[in-house]
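[1] fold the following for me, if possible:
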Amino acid sequence: MKLGFHIGYWSSGPPHGAVEAIVEAEKLGFDSVWTAEAYGSDAFTPLAWWGASTSRIRLGTNIVQMSARTPTATAMAALTLDHLSGGRFVLGLGVSGPQVVEGWYGQPYRKPLARTREYIDVVRQVFAREAPVTLDGEFYQLPLPGGTGLGKPLKPTVHPLRTDIPIFLAAEGPKNVALAAEICDGWLPLFFSPKSDAFYRAALEEGFARDGARRSFADFEVPASVPVIVHDDVEEAASWIKPSLALYIGGMGAKGTNFHFDVFARLGYEDVCVRVQELYLSGRKDEATAAIPTSLVEDTSLIGPAEKVRDELAAWEETVVTQLLLRGDAATLAAVAKVLG
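    Residues are numbered from 1 along each chain as shown. All right, here's what the predicted structure looks like:
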């Protein structure tokens, strides 16, 4: 199983030591480095800036939010970064959730799967550069009908370095995971657990079986963001992860529409999720964090003494996951990479 480095999105400002960590990840032989965006920092700019300090490691977005840009704008950025990096770019996309899509971007959220299919269709047309880009879709129309009537189909002026820049899709629900298998080159899971492997494997198999599917299990990538904390005290290690889980389960999304909540509910923690969400949405964040059992952390993370982490890694190696995406500073990456072997 390969290793990658996930920087994520910024909190209140740029993360300290990011360049040093990326350089160390490349030195350690990591396969990839990833950036993200929510409603603060964007994913493309940090990746370009920090990626300029590397020469081999793949540069990916995990994720670019589709509502933030038209599909042609996203394709332009991807073409540009792929050239600048010498063909090392991976475009990770995601729909985000209705709170961000409608509240931050002012875009409609309805029919996210159909919208994703059209979006990726346009992006692939730009990458291919075989003909002027056109689409008469429900969500995207190129050229735009009406208006001045002067719009015309266009091809990108830039000739792509690669016409098959890989596209990965972030997804949590089974229908979206199946869509990733059908039309993409990889799937970016969040809060994956070996216990959920059969569920997601079935969703991927459904997508691979569809007419025109691009990939199969043999050449499909699944880089999963997995917290790894090597520490003698399991409870203390879990305490560093619980606040983030409380945020995602309790505060990321509205009550009744929280895809992260659904992931943990499927793992058997629905009662916990209900309690965490109630506490978090009422402003009792510390209590929400305390309501998360350590077992939930252990199901979706690798934490504890080195021997325990190594033993539990075996279960991850039997799953659909092809790469573990780690977080931390340069020293942490080196220490964890040594344990994971």
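[2] switch to C-alpha atoms for all contacts and neighbour counts from now on
    Noted.
[3] just the element for the residue lying closest to Thr74 once chain neighbours are set aside, please.
    With sequence-adjacent residues excluded and distances taken as Cα to Cα, 6 or more residues apart in numbering, Thr74 is closest to Val123, at 7.3 Å. Following DSSP states H and E, the helix or strand that holds Val123 is helix 112-128.
[4] quick one: whichever helix or strand comes after that helix to chain centroid distance?
    Next helix or strand after helix 112-128 toward the C-terminus (DSSP H and E): strand 135-136. Relative to the centre of its chain, strand 135-136 is centred 27 Å away, using Cα atoms, centre = their mean, to the nearest Å.
[5] tell me the mean pLDDT over the following helix or strand past strand 135-136?
    Downstream of strand 135-136, the first helix or strand assigned by DSSP H and E is strand 141-142. Mean pLDDT, computed over strand 141-142, is 97.
[6] list the buried ones in stretch 186-201?
    186-197, 200-201 (16 or more other Cα atoms under 10 Å).
[7] can you lay out those residues as JSON lines showing pLDDT and distance to Phe217?
    Putting these into JSON lines (pLDDT from 0 to 100; distance: Cα to Cα, whole Å) gives the following:
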{"residue": "Gly186", "pLDDT": "98", "distance to Phe217": "10"}
{"residue": "Trp187", "pLDDT": "98", "distance to Phe217": "11"}
{"residue": "Leu188", "pLDDT": "98", "distance to Phe217": "14"}
{"residue": "Pro189", "pLDDT": "97", "distance to Phe217": "15"}
{"residue": "Leu190", "pLDDT": "92", "distance to Phe217": "19"}
{"residue": "Phe191", "pLDDT": "94", "distance to Phe217": "20"}
{"residue": "Phe192", "pLDDT": "97", "distance to Phe217": "17"}
{"residue": "Ser193", "pLDDT": "97", "distance to Phe217": "18"}
{"residue": "Pro194", "pLDDT": "97", "distance to Phe217": "17"}
{"residue": "Lys195", "pLDDT": "97", "distance to Phe217": "19"}
{"residue": "Ser196", "pLDDT": "97", "distance to Phe217": "17"}
{"residue": "Asp197", "pLDDT": "97", "distance to Phe217": "13"}
{"residue": "Tyr200", "pLDDT": "97", "distance to Phe217": "12"}
{"residue": "Arg201", "pLDDT": "98", "distance to Phe217": "9"}
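[8] now, those residues that are in strands?
    Gly186, Trp187, Leu188 (DSSP state E).
[9] grab the nearest non-local neighbour of the last one.
    Same thing as Leu188. Ala170 (4.4 Å).
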